[in-house]
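Novice: Have a look at this prediction, sequence included:
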Amino acid sequence: MPDTASWCDIDVRKHLQSAGRSFALDVQLQARHPRMVLMGPSGIGKTLVLQSIAGLMRPDAGHVQLCGERLFDGATGLNVPSRQRRVGFLFQNYALLPHLTALGNVGFGLRRGAWGFLSRVQKDEAMYWLERFRVADLARQRPYVLSGGQQQRVALARLAILRPRVLLLDEPFSALDPDLRQGMREEVASLLQELDIPLLMVSHDEEDRVALQAQVVRLGQVQGRTVRMD
Ligand SMILES: Nc1ncnc2c1ncn2[C@@H]1O[C@H](COP(=O)(O)OP(=O)(O)OP(=O)(O)O)[C@@H](O)[C@H]1O
């Protein structure tokens, strides 16, 4: 894991305007610690920072560099498409595809083309990850019959199978029952170790930081702009 050099080097500037409201993001971060937690009040721009790293939001200016590779550069116009960034992004609502089984969801990113079938090897790999997250017995179920915790395990399996180089989690535990949270924190810590990759996570919960032994980055507002406070 890249723990001496900065694995995540970003300078993200973005201006958003909607219904008379204006929002400005101006965040710089050079992450050296392998586990970082992004904290700050609701609406401050934490999700936008993750989206800009994942390539789901294009900054107006600045740069995004992961593990030494430039993915966005406002000066040159470089903007590597999201699917080529090898970033594992767990959305707040898990974003499982409702028409696919758990196995189909996990194998989805391995398919060739939108309608491709999974090969035997790909199915075996998807089953490995479902077993790894202890939801192999749910392989043939569709997302709507799964609990929140089970959906999250399937969503993590779907990320892991693509061997991301970093994990981005957007408030991953907030929707779970308190007694499930600790178990999922341990699952995430063990996944980070197995894949040997760093983490940037949005959270409002100090216990997440403690459990994952993460370093905090705080965002706040200064003169109408969202910036780093530490
Ligand atoms: N497409 C958009 N157009 C205009 N404004 C937007 C757009 N997307 C987000 N915003 C605004 O950007 C700000 C930051 O949103 P963001 O979702 O990143 O906040 P957050 O810190 O993750 O909040 P929370 O903790 O509540 O999830 C918000 O004020 C939001 O209203």
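Specialist: Arrived safely. Residues are numbered from 1 along each chain as shown.
Novice: where do the helices sit along this protein?
Specialist: For the chain, the helices defined by DSSP state H cover 46-54, 102-107, 120-132, 148-160, 178-195, 206-211.
Novice: just checking, what packs against the fifth one?
Specialist: Using 3 or more C-beta pairs under 8 Å, 6 or more residues apart in numbering; DSSP states H and E as the contact test, the elements touching helix 178-195 are helix 148-160, strand 166-170, helix 206-211. The C-beta positions use only the backbone N, C-alpha and C, and glycine is treated the same way.
Novice: does the ligand sit close to the second one?
Specialist: No. With C-beta under 6 Å from any ligand atom as the threshold, strand 166-170 lies outside contact range of the ligand, at a closest distance of 7.3 Å.
Novice: Now for residue 109: which residues touch it?
Specialist: By C-beta atoms under 8 Å, 6 or more residues apart in numbering, residue 109 lies in contact with 158, 161, 162.
Novice: I figured the last one was touching residue 86, is that so?
Specialist: Yes. Under the criterion of C-beta atoms under 8 Å, residue 162 lies in contact with residue 86, with a separation of 7.3 Å.
Novice: picking up where we left off before, packed most tightly, which of the helices of the chain would that be?
Specialist: Burial of the helices of the chain is given as mean neighbour count (mean count of other C-beta atoms under 10 Å); helix 102-107 ranks first at a mean of 26.
Novice: Which strand residues bridge residue 202?
Specialist: Applying DSSP bridges to residue 202 yields these beta-bridge partners: residue 38, residue 170.
Novice: measure it to residue 80 for me?
Specialist: To residue 80, residue 202 is 22 Å away according to C-beta to C-beta, to the nearest Å.
Novice: what does residue 139 give?
Specialist: Where residue 80 is concerned, residue 139 sits at a distance of 33 Å (C-beta to C-beta).
Novice: contacting residues around the nearest residue to residue 218 once chain neighbours are set aside?
Specialist: In space, and not counting its chain neighbours, residue 218 is closest to residue 229: 4.3 Å by C-beta to C-beta, 6 or more residues apart in numbering. Taking C-beta under 8 Å, 6+ apart, we find residue 229 in contact with 40, 218, 219, 220.
Novice: for residue 219, same thing?
Specialist: 27, 38, 39, 40, 44, 45, 46, 49, 226, 227, 228, 229.
Novice: same question, residue 92
Specialist: Counted by C-beta under 8 Å, 6+ apart, residue 92 has contacts 47, 170, 171, 174, 175.
Novice: from what I can see the first one touches residue 200, true?
Specialist: No. Look at residue 47 against residue 200 with C-beta under 8 Å: they stay out of range, at 11.8 Å.
Novice: quick revisit: filter the contacts of residue 229 down to the ones close to the ligand.
Specialist: For the ligand, the contacts drawn from the contacts of residue 229 by C-beta under 6 Å from any ligand atom are residue 40.
Novice: from the contacts of residue 229, which would you call buried?
Specialist: Buried members of the contacts of residue 229, counted by 16 or more other C-beta atoms under 10 Å: 40, 219.
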